[in-house]
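**Q** pasting the sequence and the predicted model now:
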Amino acid sequence: MKGNTTVDLSSADLPQAGSTAVYPAKVFLNGSIVDAEDAKVSVFDRGFIFGDGIYEVMARINGVFFYGDAHWERLDTCLQKIGLDYDISILKDAIPGLLKASGIGQEDCMIYIQVTRGTAPRQHGYPPSPRPTAMMYAWKKTLPAIETTHSRVVTMEDFRWSRCDIKMTSLLGNVMANEWAMENDAYETVLIRNGVATEASHCNVFFVKDGTVWTHPADHHILDGITRQVVLEICEALGIPVRLEGVPAEKLKKMDEAFLTGTGSQVRAIQELNDHRYFETEPGPVTLRIQEVFLEWKEKPAAN
Ligand SMILES: Cc1ncc(COP(=O)(O)O)c(C=O)c1O
């Protein structure tokens, strides 16, 4: 058995196995911007003990957080859903300083934000006067203008809890679902609950049949992705009919097109679902059109 494992953050760009992810050099923690190796949280933090926290991820594109208001609103709403009183304006105000400290000027970047219920003796009940732990970091990242990667996805039973609308840090169900994709040389796992496709491990999922776009309604069984909302707005703007319904598992292969949406994944065509191919070389026309307009909207900050 391995002994104590310490993570050496002295080189700020330590790559992680199997990914291009890096540790950030600077972290915002409870009001201060500190070197990543000094960003320490108690082992009794409820985020660590219970996964009792909320997170958010947003992308800054051409100097503007893409649908930033919607991301902030979702963070605030999710904090309220778990009864965690935290003033998110503290985070908003700290962002310019965090970006500066992180060496990010006008470049595109991503930001990760998390707020937990803080440190307290371990018992399930909410502590009477919680002192939330708030953490954020940013990293330079230019997303592709149009996501041209064609993805393979696999399916599995959605065994997560019934409040997937809460963007919580307890992501074990999603992590396990994603691992199923990794084991099967796929990018994502499309989850099936009550016989219909809900979403994927870190993306929402859309299908197209006879020109109509299908996606699961924004109920407690999916996270209402901001990118999902943007795509629904695009459909409305383009006059593309939408059915807010989960596609039955047995009909997935009969759909004409399929794509994933997410802040990092943008609008990403699904080429293959299990052993079924939706297309050989080019995604279908609806996916391509939505990708085009998504790019236009990214380049037009007024749309944010
Ligand atoms: C389970 C799940 N669904 C959907 C999404 C997509 O959400 P958004 O478009 O807001 O990034 C995410 C993003 O993290 C997710 O974790």
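**A** Cool, the structure landed.
**Q** which residues touch stretch 243-252?
**A** Residues outside stretch 243-252 that contact it (Cβ atoms under 8 Å, 6 or more residues apart in numbering) are 155, 190, 192-198, 207, 212-218, 255, 258, 273, 276. Heads up, the C-betas are built off the backbone N, CA and C, glycines and all.
**Q** so L288, which of the three states?
**A** Following DSSP: H, G, I helix; E, B strand; the rest coil, the label given to L288 is helix.
**Q** and the closest residue to it other than its chain neighbours, how far from S265?
**A** Nearest non-adjacent residue to L288, counting by Cβ to Cβ, 6 or more residues apart in numbering: E282, 7.2 Å away. Separation of E282 from S265 (Cβ to Cβ, to the nearest Å): 19 Å.
**Q** the two: which is more packed in?
**A** Using other Cβ atoms under 10 Å as the criterion, E282 and S265 rank with S265 on top: 21 against 12.
**Q** who does the helix or strand hosting A134 touch, helix- and strand-wise?
**A** Using DSSP states H and E, A134 sits in strand 133-140. The criterion is 3 or more Cβ pairs under 8 Å, 6 or more residues apart in numbering; DSSP states H and E, and the helices and strands that strand 133-140 contacts are strand 26-29, helix 89-101, strand 109-116.
**Q** parallel or antiparallel, list what pairs with the shortest one.
**A** Taking DSSP bridges as the criterion, strand 26-29 pairs within the sheet with strand 32-35 (antiparallel), strand 133-140 (antiparallel).
**Q** just the mean pLDDT for that strand, thanks.
**A** On average, the pLDDT along strand 26-29 is 98.
**Q** got the contact list for it?
**A** Here strand 26-29 makes contact (Cβ under 8 Å, 6+ apart) with 33-36, 39, 41, 91, 94, 97-98, 101-102, 133-137.
**Q** so how do I select the buried members of those residues in ChimeraX?
**A** The ChimeraX selection below is limited to those of the contacts of strand 26-29 classed as buried (16 or more other Cβ atoms under 10 Å):
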select :33,36,39,91,94,98,101,102,133,134,135,136,137
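**Q** and the helix or strand harbouring W297, what does it pack against?
**A** Here W297 sits within helix 285-298, counting by DSSP H and E. With contacts defined as 3+ Cβ pairs under 8 Å, 6+ apart, the packing partners of helix 285-298 are helix 226-238, strand 257-262, strand 266-273.
**Q** what about the stretch 1-150 of the chain, any weak spots by pLDDT?
**A** For the stretch 1-150 of the chain, applying pLDDT under 70 flags the ranges 1-20.
**Q** which element is whichever residue of it sits closest to the ligand on?
**A** In the stretch 1-150 of the chain, the residue that lies nearest the ligand is V57 (6.0 Å; Cβ to the nearest ligand atom). Assigned by DSSP H and E, V57 belongs to strand 53-61.
**Q** distance from the chain centre to that strand, please.
**A** 7 Å (Cα atoms, centre = their mean, to the nearest Å).
**Q** for the helix or strand following that strand, what is the distance to the chain centroid?
**A** Remark: after strand 53-61, the chain's next helix or strand is strand 64-65, criterion DSSP H and E. In terms of Cα atoms, centre = their mean, the centre of strand 64-65 is set 16 Å apart from its chain centre.
**Q** got the contact list for the closest residue to the ligand within the stretch 101-250 of the chain?
**A** Residue nearest to the ligand within the stretch 101-250 of the chain: G225 (2.8 Å; Cβ to the nearest ligand atom). When contacts are counted by Cβ under 8 Å, 6+ apart, G225 touches E199, C203, N204, T261, G262, T263.
**Q** would you turn these into TSV with distance to the ligand, neighbour count and pLDDT?
**A** Below are these laid out as TSV (distance: Cβ to the nearest ligand atom, whole Å; neighbours: other Cβ atoms under 10 Å; pLDDT from 0 to 100):
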residue	distance to the ligand	neighbour count	pLDDT
E199	5	31	98
C203	5	28	98
N204	5	25	99
T261	6	26	98
G262	4	23	98
T263	3	19	98
